[in-house]
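Asks: sharing a model that was predicted from the sequence below.
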Amino acid sequence: MRRLFLLTLPLLLLAAPTVFAQGILPASVEGWSSAAALNSANSGVAGLQNLKQIAGSATAALQEYEIESAESATYSRGSDSFVAVAYGFKDTAGAYGAYSFLRTPDMAPARLTQHSSISPERALALTGNLVLQFAGKTLHRDADAIELLVAEAGGHAHWGGYPALPQRLPAQDLIPRTDHFVWGPVALDQFLPLAQGDWLGLARGADAELARYRLGGRDATFVVADYPTPQVAAAQFSELQTNLAVVNVDTTGNGNAHSALSAQRSVYAHRDGTMIALVVNAPSQKAAKFLLDRFHSGLVLTWNVPVIEKAQPSMVTIVIGTFQGAGEICLFTLGGGILFAGIRLLIKRLWPGRVFDRALDLEIIELGLGSRPVKGNDLYQMKPPI
């Protein structure tokens, strides 16, 4: 029996990743039963093939967001059916980016989670590091089953903070549901094919957020990228000026066009610390500056612990309080000394020679600071034998 266990142990260890990748989508929910589930982990040739079967053309972009698992199941009840897909990512930032990539402008906000959207035949929900996708022709009628599946998946999710970069986008003139969190060149080329490859320098450790705005009757794309250090941002900004010939709009609104190509592309940019903001296809430099001026480049505080608002005391109050506290300590010390002396005198009067002043049983060390001569038994007193 032990030999059989040792022989099967390697097989169990090899099968462990597949077992852990499953279980996000339940076998049944509220009368809906699933069939033909596909599971994959983002490692190995077999896992990649299954991921391509589930994600299709979005596979490359999901890999940029560091996908780790994917699970698909078809739920049916009577003549109704829908397909549910659960994508698992390394962290919540990647899941947020994948959600923004899969969402389309025709999807209205939903009430499944804080970040969820729905259209007549498609629904998306972001919960922790998981992205749930539903496809079917009767999704509005199947809302109860979808809510239960999202709640079930939430128990398997890992939680953390979502990216703060989307909060820096200006809200005015923003076209709803056109914002996307970008980590790699595949997603960047999907939404803004300004040049080939990683023209924004995302490989340098940058995060990017882009969205479309309606400026002067024309759709313009606003892009903000956050780099690890100001030095990296400055180097990337110099490359953008050289390769894309953008118009550098400084804080005073003055533009510096490097060539006539910049006016044709209508690309305006501004760098602030570690961030670079670009406006593509703006109708004019004035419109681009109007959008860049509304860009929130300052620090965003995400800690929501309430702050106690209390006025700072004046210097006079601090000094008076210091003397008052010192006086209270002195009075407490004086009162304690008087109390100790009174108790000692009372005990000596009631029980003379029985508690204090016992030369044979108890001796107090004398330093000889006064005029009284020091006795020879200051350190200890040996009690004579009886």
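Replies: Nice, thanks for sending it over.

Asks: where does the prediction get shaky in this structure?
Replies: Scanning the chain with the threshold set as pLDDT under 70 gives 1-22, 36-47, 250-265, 296-311, 356-386.

Asks: mind redoing it with 80?
Replies: Within the chain, the set of residues satisfying pLDDT under 80 comprises 1-23, 35-49, 245, 250-266, 296-313, 353-386.

Asks: for the helix or strand hosting Q236, packing partners?
Replies: Element membership for Q236 (DSSP states H and E) is helix 230-243. If you count contacts as 3 or more CB pairs under 8 Å, 6 or more residues apart in numbering; DSSP states H and E, helix 230-243 packs onto strand 267-272, strand 275-280. Any C-beta I mention is one placed from the backbone N, CA and C, and that applies to glycine too.

Asks: tell me the buried residues in it?
Replies: Buried residues in helix 230-243, defined by neighbour count with 16 or more other CB atoms under 10 Å: A233, Q236, F237, L240, Q241.

Asks: contacts only, for the nearest residue to the second one once chain neighbours are set aside.
Replies: The spatially closest residue to Q236, leaving aside those adjacent along the chain, is G201, at 4.1 Å (CB to CB, 6 or more residues apart in numbering). For G201, the residues meeting the contact criterion (CB atoms under 8 Å, 6 or more residues apart in numbering) are A225, Y227, V232, Q236, E239.

Asks: wait, doesn't the third one sit right on A225?
Replies: No - the pair formed by V232 and A225 falls short of the contact definition of CB atoms under 8 Å, at 10.3 Å.

Asks: between these two, which contacts overlap?
Replies: A shared contact of V232 and A225, defined by CB under 8 Å, 6+ apart, is any residue touching both; here these are G201, A206.

Asks: how many residues are close by P228?
Replies: Burial measure for P228: 12 neighbouring residues, criterion other CB atoms under 10 Å.

Asks: double-check that it belongs to a strand.
Replies: No - assigned with DSSP: H, G, I helix; E, B strand; the rest coil, P228 falls outside any strand and is coil.

Asks: doesn't A86 lie inside a helix?
Replies: No - in this structure, A86 is strand, not part of a helix, as judged by three-state DSSP.

Asks: how about the strands in the stretch 151-300 of the chain?
Replies: Secondary structure of the stretch 151-300 of the chain, counting by DSSP state E, counting those that start in this stretch: strands at 180-182, 207-215, 218-226, 247-249, 255-256, 267-272, 275-280.

Asks: in a markdown table: those strands, plus distance to Y87 and mean neighbour count.
Replies: Compiled in a markdown table, the strands of the stretch 151-300 of the chain are given as follows (distance: least, CB to CB, whole Å; neighbours: other CB atoms under 10 Å):
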| stretch | distance to Y87 | mean neighbour count |
| --- | --- | --- |
| strand 180-182 | 15 | 24 |
| strand 207-215 | 19 | 21 |
| strand 218-226 | 24 | 21 |
| strand 247-249 | 39 | 21 |
| strand 255-256 | 43 | 14 |
| strand 267-272 | 33 | 22 |
| strand 275-280 | 29 | 24 |
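
Asks: with distance to G154 added, can I get the ones you listed in JSON lines?
Replies: Compiled in JSON lines, the strands of the stretch 151-300 of the chain are given as follows (distance: least, CB to CB, whole Å):
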{"stretch": "strand 180-182", "distance to G154": "21"}
{"stretch": "strand 207-215", "distance to G154": "25"}
{"stretch": "strand 218-226", "distance to G154": "29"}
{"stretch": "strand 247-249", "distance to G154": "44"}
{"stretch": "strand 255-256", "distance to G154": "49"}
{"stretch": "strand 267-272", "distance to G154": "37"}
{"stretch": "strand 275-280", "distance to G154": "33"}
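
Asks: list the contacts of R218.
Replies: Taking CB under 8 Å, 6+ apart as the test, what R218 contacts is N281, A282, P283.

Asks: kindly report the same for A208.
Replies: A208 makes contacts with L165, F181, V182, W183, L188, L200, L202, V223, V224, A225, D226, as judged by CB under 8 Å, 6+ apart.

Asks: flag every buried residue along stretch 145-152.
Replies: Along stretch 145-152, the positions that meet the burial threshold by neighbour count (16+ other CB under 10 Å) are A145, I146, E147, L149, V150, E152.

Asks: give me the residues contacting it.
Replies: For stretch 145-152, the external contacting residues (CB under 8 Å, 6+ apart) are 24-26, 29-30, 32, 75, 77, 82, 84, 112-113, 116, 123, 125, 127, 132, 134, 139.

Asks: mind doing that once more with 7 Å?
Replies: Identification of contacts with stretch 145-152 by CB atoms under 7 Å, 6 or more residues apart in numbering yields 25-26, 29-30, 32, 75, 84, 112-113, 123, 125, 127, 132, 134, 139.

Asks: as JSON lines, the helices and strands packed on helix 230-243 with distance to H156 would be great.
Replies: Rendered in JSON lines, the data for the helices and strands packed on helix 230-243 read as follows (distance: least, CB to CB, whole Å):
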{"stretch": "strand 267-272", "distance to H156": "40"}
{"stretch": "strand 275-280", "distance to H156": "35"}
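
Asks: A93: which of those strands is closest?
Replies: Taking CB to CB as the criterion, strand 275-280 is the member of the helices and strands packed on helix 230-243 that comes nearest to A93, at 17.0 Å.

Asks: can you list the strands that the closest one pairs with?
Replies: Strand 275-280 has the following strand partners under DSSP bridges: strand 218-226 (antiparallel), strand 267-272 (antiparallel).

Asks: closest one to A157 among those?
Replies: With CB to CB as the measure, strand 218-226 is the member of these nearest A157 (25.4 Å).
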